[in-house]
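Participant: starting from these lines, generate the structure:
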Amino acid sequence: MVKAAAFGGGDPSNSAMNPKMRAQTSFADATIENISAFTQQFPDVAHCMLSSTRDLSEAFINYLQRHFTTIILDHTTLLPITIDYETPHTLGSDRIAAALGAAAEFPDNNVLAITAGTCITYNFLSIDGRLKGGGIAPGLIMRLEAMHEFTDQLPLVQNQDFDELIGKSTEQSMLSGARKGIIAEVDGIINQYKQLYNPLKVVISGGDTGFFESRLKSSIFADPYVVLKGLNKILEYNINN
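Facilitator: Numbers count the residues shown, from 1 in each chain. This next block holds a predicted model:
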């Protein structure tokens, strides 16, 4: 899944969009055709921030560099925060962007940015602007798939609405264990951070945001655009510096 967003204006009266975000979209693949069709809607956009957790084609990167001042996010990119991580070259760019996006929403706070998708990542940025790291755990779908993959008897169960504590079939028991377990885990980890750091704002994003937003006991702020906002903050910082 590829996400793209255009910043630089927006309608402050539209509460569904960040005032600086003009549009955002998703593509199945990172192709020149897809990104060209999107960017042609915004001829005044001159800069591009590229973040990817997988290898992109040289042709795709060259296209961006020909049409925009392009900055590729990696461990050498200028950042408005300090990376306090023992292996900064292994720190995912999406984790950096999520933390920065959360901090932009809640300045002068400790922030815990949680991304909930294939994996769940916990990304802690202290009030003094130090990204200290966090945690990585299997996401909801990965847990269901792992139970099937690493056992001989358990079936492959698709995620579906099931919020009962007691499963009365193997399928229901797997759903109960995965869904109840992951909620208890995330709530528990949030509480551990809150015991160590106060004040703390928790922001959650990613494909499973809706699942967690309606079930977590902890006070959280759901923001599906937090990673995109964080990438834009990094782009602004590099343009200005």
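
Participant: Phe7 bridge partners, please.
Facilitator: Per DSSP bridges, the residues bridged to Phe7 are Met21.

Participant: dump the residue contacts of it.
Facilitator: Listed by C-beta atoms under 8 Å, 6 or more residues apart in numbering, the contact set of Phe7 reads 20-22, 232, 235. Glycine gets a C-beta too; all of them are placed from N, C-alpha and C.

Participant: a markdown table for the residues you listed, including pLDDT?
Facilitator: Converted to a markdown table, those look like this (pLDDT from 0 to 100):
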| residue | pLDDT |
| --- | --- |
| Lys20 | 78 |
| Met21 | 86 |
| Arg22 | 88 |
| Asn232 | 93 |
| Leu235 | 94 |
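
Participant: which of these sits closest to Asn159?
Facilitator: Nearest to Asn159 among these, counting by C-beta to C-beta, is Met21 at 29.2 Å.

Participant: and the residue nearest in space to the middle of the chain, what element?
Facilitator: Centroid-nearest residue in the chain: Thr115, 4.2 Å away (criterion: C-alpha atoms, centre = their mean). Assigning secondary structure by DSSP states H and E places Thr115 in strand 110-116.

Participant: what's the helix or strand following that strand in contact with?
Facilitator: Scanning forward in sequence from strand 110-116 by DSSP H and E, the next helix or strand is strand 119-125. Strand 119-125 is contacted from outside by 81, 92, 94-96, 98-100, 102-103, 110-115, 131-139, 142, 182, 186, 189, 193, 197, using C-beta under 8 Å, 6+ apart.

Participant: tell me which strands strand 119-125 pairs with, and in which orientation.
Facilitator: Sheet pairing here is set by DSSP bridges, and for strand 119-125 it gives strand 110-116 (antiparallel), strand 130-138 (antiparallel).

Participant: okay, now the unreliable bits of the protein?
Facilitator: Residue ranges of the chain with pLDDT under 70: 9-19.

Participant: try 90 this time
Facilitator: The model of the chain has pLDDT under 90 over residues 1-4, 7-24, 27-31, 45, 52-56, 74-75, 198, 207, 224, 241.

Participant: rewinding a little: so what pairs up with the residue nearest to the centre of the chain in the strands?
Facilitator: Each beta-bridge partner of Thr115 is listed here: Thr121, Ser205, as defined by DSSP bridges.

Participant: that one and Asp208 touch, don't they?
Facilitator: No: Thr115 lies out of contact with Asp208 (C-beta atoms under 8 Å); the separation is 9.2 Å.

Participant: check which helices and strands whichever strand or helix holds Cys48 sits against.
Facilitator: Assigned by DSSP H and E, Cys48 belongs to strand 47-50. Helices and strands touching strand 47-50, by 3 or more C-beta pairs under 8 Å, 6 or more residues apart in numbering; DSSP states H and E, are helix 58-67, strand 69-72, helix 226-240.

Participant: ok, residues contacting it?
Facilitator: Contacts of strand 47-50 (C-beta under 8 Å, 6+ apart): 56, 61, 64, 67-73, 231-232, 234-235, 238-239.

Participant: which among the residues you listed gets closest to Leu216?
Facilitator: Nearest member of the contacts of strand 47-50 to Leu216, counting by C-beta to C-beta, is Leu231, at 25.4 Å.

Participant: got the domain ranges for this structure?
Facilitator: 1-72, 75-240 (automatic domain parsing).

Participant: so how far is Leu200 from the residue nearest to the centre of the chain?
Facilitator: Relative to Leu200, Thr115 is positioned 17 Å away (C-beta to C-beta, to the nearest Å).

Participant: biggest helix in the chain by residues?
Facilitator: Using DSSP state H to define each element, the chain has its longest helix at helix 170-196.

Participant: between strand 130-138 and that one, find me the angle.
Facilitator: Inter-element angle recorded for helix 170-196 and strand 130-138: 170 degrees (by axes from the mean of the first three to the mean of the last three C-alpha atoms, to 10 degrees).
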